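Trainee: Model the following, please.
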Amino acid sequence: MRIVRQPTLKSVSTPAIALVVIVADQLSKAWAQRTLQDNPRDIVEGFLTFRLTFNSGAAFSSFEGLGSAIAFLAVGIAVFLLVAAARSERRSEWVVFGLIVGGALGNAIDRFLRGDGLADGSVVDFIDVGFIPVFNIADSAISVGVVLALLLSFFQTAEPPAADHETNDTPTAV
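Mentor: Numbers count the residues shown, from 1 in each chain. Predicted coordinates:
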């Protein structure tokens, strides 16, 4: 008889959230590159426009030309947060870490796949709301994750550990 451990909610939550962010980000960027090449689209007149841009730097086009360093830093942060999520008993942290990991890896994928050298590609941005620099779904996930993390740190209450049925590490015979 072989003993197999059932995956726990804790072990799949953060990677699943990250994967959803990565897929949505990459699909939306592919759409933007196909559709918006020479044709920005006004979605909400005077407020929301889809406009294709490329960013070789970090947030708000800072650190231009440091894309390779940013890509490797993003991968390192993602690994660190995945380990932190695996050690955390707080469901809210699993969500926060999943959003940030997904966003970091979504933009890192651009840097690794959209350039000529090692991780020197530019990030595809296309969401333009006028009063902040153009961004993408990965940027949004990172921003929401960071805001949630800050809110959680200010309003931290004792969150009960996940219920036994959600973190069932009981071996199952197969």
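Trainee: State which strand of this protein is the longest.
Mentor: Ranked by residue count under DSSP state E, the longest strand found in the chain is strand 48-55.
Trainee: list the contacts for the closest residue in space to residue 102 that isn't next to it in sequence?
Mentor: Spatial nearest neighbour of residue 102, chain neighbours left out: residue 21 (2.6 Å); criterion: Cβ to Cβ, 6 or more residues apart in numbering. Backbone N, C-alpha and C define where each C-beta goes, glycine included. Contacts for residue 21 (Cβ atoms under 8 Å, 6 or more residues apart in numbering) come out as 98-99, 101-103, 106, 137-138, 141.
Trainee: Run through the residues that contact the closest residue to residue 48 other than its chain neighbours.
Mentor: Using Cβ to Cβ, 6+ apart and skipping the chain neighbours, the partner closest in space to residue 48 is residue 129 (5.7 Å). Contacts for residue 129 (Cβ under 8 Å, 6+ apart) come out as 47-49.
Trainee: cool, residue 25 as well?
Mentor: Contacts of residue 25 by Cβ under 8 Å, 6+ apart are 102-103, 106-107, 136-138, 141.
Trainee: Show me the two of these that sit farthest apart.
Mentor: The most widely separated members of these are 102 and 136, with 11.8 Å between them, by Cβ to Cβ.
Trainee: tell me the angle the biggest helix by length in the chain makes with strand 48-55.
Mentor: Longest helix in the chain by number of residues (criterion: DSSP state H): helix 9-35. Calculated by axes from the mean of the first three to the mean of the last three Cα atoms, to 10 degrees, helix 9-35 forms an angle of 90 degrees with strand 48-55.
Trainee: Distance from the helix or strand just after helix 9-35 to the middle of the chain?
Mentor: Sequence-wise, the next helix or strand downstream of helix 9-35 (DSSP states H and E) is strand 41-44. Computed by Cα atoms, centre = their mean, to the nearest Å, the chain-centroid distance of strand 41-44 equals 25 Å.
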